[in-house]
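Undergrad: sequence? don't have it. structure:
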């Protein structure tokens, strides 16, 4: 096994452990049941993405921010999770963790090339 693969594995493991620690003991937003002010919009999108996007529409400002909600919506649908606020917040946490793990792996590969 190459050195960069070992480093990538170690970095990914660190990200996962810290993400779990954050989920278990980290601070939570106390506004709107953990959604915050603007997060409420993203949770609504994740709860019913097709209706929110295609029936109600969005603003130009928010249009730049729809991808994470779409990913969470369709991932939850794929695994059969109900679109409740707590489930959606977990979905965003999982998506964030996966993106950070991917970034850690890419950084390890980039470092190997440099």
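TA: Nice, I can see it. All figures in this text were calculated on a predicted structure; none of them were measured in a lab.

Undergrad: tell me, how many neighbours does residue 55 end up with?
TA: By other Cβ atoms under 10 Å, the residues close to residue 55 number 8. Just so you know, the C-beta spots here come from the backbone N, C-alpha and C atoms, and that holds for glycine as well.

Undergrad: Could you measure from it over to residue 81?
TA: 22 Å (Cβ to Cβ, to the nearest Å).

Undergrad: With residue 37 instead?
TA: As for residue 37, its distance to residue 81 is 25 Å (criterion: Cβ to Cβ).

Undergrad: More neighbours: those two, which one.
TA: Neighbour count, other Cβ under 10 Å: between residue 37 and residue 81, residue 81 has more, with 14 against 9.

Undergrad: ok, and the closest non-adjacent residue to the more buried one?
TA: In this structure, residue 81 finds its nearest non-sequential neighbour in residue 87, 5.1 Å apart by Cβ to Cβ, 6 or more residues apart in numbering.

Undergrad: In the helix or strand harbouring the one you found, which of the residues would be classed as buried?
TA: According to DSSP states H and E, residue 87 maps onto helix 85-113. Using 16 or more other Cβ atoms under 10 Å as the test for burial, helix 85-113 gives 85, 88-89, 91-95, 97, 100-101, 104-105, 108.

Undergrad: can you list these in JSON lines and add distance to residue 68?
TA: Output for those, formatted as JSON lines (distance: Cβ to Cβ, whole Å):
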{"residue": "85", "distance to residue 68": "16"}
{"residue": "88", "distance to residue 68": "11"}
{"residue": "89", "distance to residue 68": "12"}
{"residue": "91", "distance to residue 68": "9"}
{"residue": "92", "distance to residue 68": "7"}
{"residue": "93", "distance to residue 68": "11"}
{"residue": "94", "distance to residue 68": "11"}
{"residue": "95", "distance to residue 68": "6"}
{"residue": "97", "distance to residue 68": "13"}
{"residue": "100", "distance to residue 68": "13"}
{"residue": "101", "distance to residue 68": "16"}
{"residue": "104", "distance to residue 68": "19"}
{"residue": "105", "distance to residue 68": "19"}
{"residue": "108", "distance to residue 68": "24"}
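
Undergrad: Great, nothing more from me.
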